[in-house]
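>>> with the input below, show me the fold.
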Amino acid sequence: MARTDNDSWEITESVGATALGVASARAAETRSENPLIEDPFAQVFLDAAGDGVWNWYSAGQLPAEVIEAEPQLPLQMQAMVGYMASRTAFFDNFFLDAARSGIRQAVILAAGLDSRAWRLAWPDGVTVYELDQPRVLEFKASTLAEHGAQPACNRVEVAVDLRHDWPEALRQSGFDSSVPSAWSAEGLMPYLPAAAQDLLFERVDELAAVGSRVAVEALGPKFLDPEFRARRRERMDRIRALMADVDPQRDVPRTDELWYFEEREDVGDWFSRHGWSVTVTPSDELMAGYGRQAHPDVADAVPGNLFVAAQRV
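Numbering: from 1, shown residues only. Below is the predicted model:
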């Protein structure tokens with residue numbers, strides 16, 4: 001589904017479907033023998049959405065013919081589940097650390113099907129602002145309400161497209177820019193053009209009081225590497241063709257069609273240049289720290305993203 005300047009989507013379409021894909025990985029990790037994260041709501045979302053390309057990581061065993069033709073595919077899928085679990089743990093810990101330090105405003109940009117407002121042990125008095133397109137937030141809230149789940153904090157929906165004037169919508173929803181806040185941008189950067197990424201950070205910078213924190217899943221050098229992109233596309237095209245022949249009911253996701261492959265400033269450099277104290281952790285180091293490092297044979301299948309944590313000083 002091609003992107004346009006003001007495109008919107010249902011949860012099962014375009015960028016919305018990618019949120020279900022991440023939920024699929026979180027559900028698979030939650031069901032694993034020794035889960036790094038616990039997300040009891042991930043499978044709830046998948047059940048509500050029904051079958052689709054987003055079930056790639058949480059569906060049943062791959063057909064034997066596929067594994068025979070692509071013996072590394074199970075390892076690749078395991079590596080991606082490990083990546084998503086590590087990413088989830090990184091942002092979980094970021095928000096809980098910020099809340100324990102006394103920050104009482106959390107802002108989740110492009111919240112998607114993130115369920116932190118429900119599943120984390122938030123201290124009393126925390127308000128979590130979730131920003132995303134209206135139909136995505138409505139699906140999440142209504143699905144969890146039907147499941148009987150209640151937020152574990154003061155959750156505030158801010159139904160807005162991040163390409164529009166979301167700072168005003170956030171203020172109108174009760175956000176106070178005079179006190180510290182904690183911000184996350186998870187799984188968002190490739191879906192933004194370079195200019196939109198800069199504008200997003202400029203707005204965060206304007207709204208964040210001294211003592212505020214931000215965490216970003218930033219794009220690394222591999223993202224624009226033409227050889228890496230070509231290998232990834234060749235591998236996915238090969239697997240898609242194989243699955244179409246062996247199991248035509250099981251689609252293979254192709255999220256890179258929704259990405260903006262544009263040169264952009266390094267996120268850590270951007271925040272350092274604007275006076276924030278910054279730490280950067282490459283994805284392979286993050287995964288190793290959580291005991292989820294990818295098998296060496298499929299390390300190239302894992303995104304080479306950078307996990308940026310910054311504090312305004």
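>>> am I right that residue 167 sits in a helix?
Yes. Counting by DSSP: H, G, I helix; E, B strand; the rest coil, residue 167 is part of a helix.
>>> I'd say it and residue 207 touch.
Yes. At 6.0 Å, residue 167 and residue 207 qualify as touching, with contact defined as C-beta atoms under 8 Å. The C-beta positions use only the backbone N, C-alpha and C, and glycine is treated the same way.
>>> neighbour count for those two, which is higher?
In this view residue 167 and residue 207 are compared by other C-beta atoms under 10 Å, and residue 207 has more residues nearby, 20 against 16.
>>> quick one: the strands in this protein, in order.
For the chain, the strands identified by DSSP state E occupy 105-109, 127-132, 154-159, 182-185, 213-218, 276-282, 306-312, in order along the chain.
>>> so which bits of stretch 286-295 are buried?
286-287, 290, 292-294 (16 or more other C-beta atoms under 10 Å).
>>> span of that stretch from start to end?
Terminal residues of stretch 286-295 lie 14 Å apart, using C-alpha to C-alpha, to the nearest Å.
>>> run through who's touching it.
With contact meaning C-beta atoms under 8 Å, 6 or more residues apart in numbering, stretch 286-295 is reached by 36, 75, 78-79, 82-83, 85-87, 89-90, 281, 284, 301-302, 307.
>>> hmm, try it at 10 Å
In this structure, residues lying in contact with stretch 286-295 by C-beta atoms under 10 Å, 6 or more residues apart in numbering are 29, 34, 36-37, 72, 74-76, 78-90, 93, 217, 281-285, 299-302, 305-307.
>>> narrow those to those that are buried.
Those of the contacts of stretch 286-295 that meet the buried threshold are 29, 36-37, 75-76, 78-90, 217, 281, 283-284, 301-302, 305-307, by 16+ other C-beta under 10 Å.
>>> quick check: bridge partners of residue 109?
With beta bridges defined as DSSP bridges, residue 109 has these partners: residue 131, residue 185.
>>> any idea how far residue 28 is from it?
With distances defined as C-beta to C-beta, to the nearest Å, the gap from residue 109 to residue 28 amounts to 25 Å.
>>> overlap in contacts of residue 167 and residue 207?
Residues within reach of residue 167 and of residue 207 at once, by C-beta under 10 Å, 6+ apart, are 175, 177.
>>> the contacts of stretch 286-295 in helices, which ones?
Those of these mapping onto helices are 29, 74-76, 78-90, 93, 283-285, per DSSP state H.
>>> residue 96: neighbour count?
By the measure other C-beta under 10 Å, the count of residues near residue 96 is 18.
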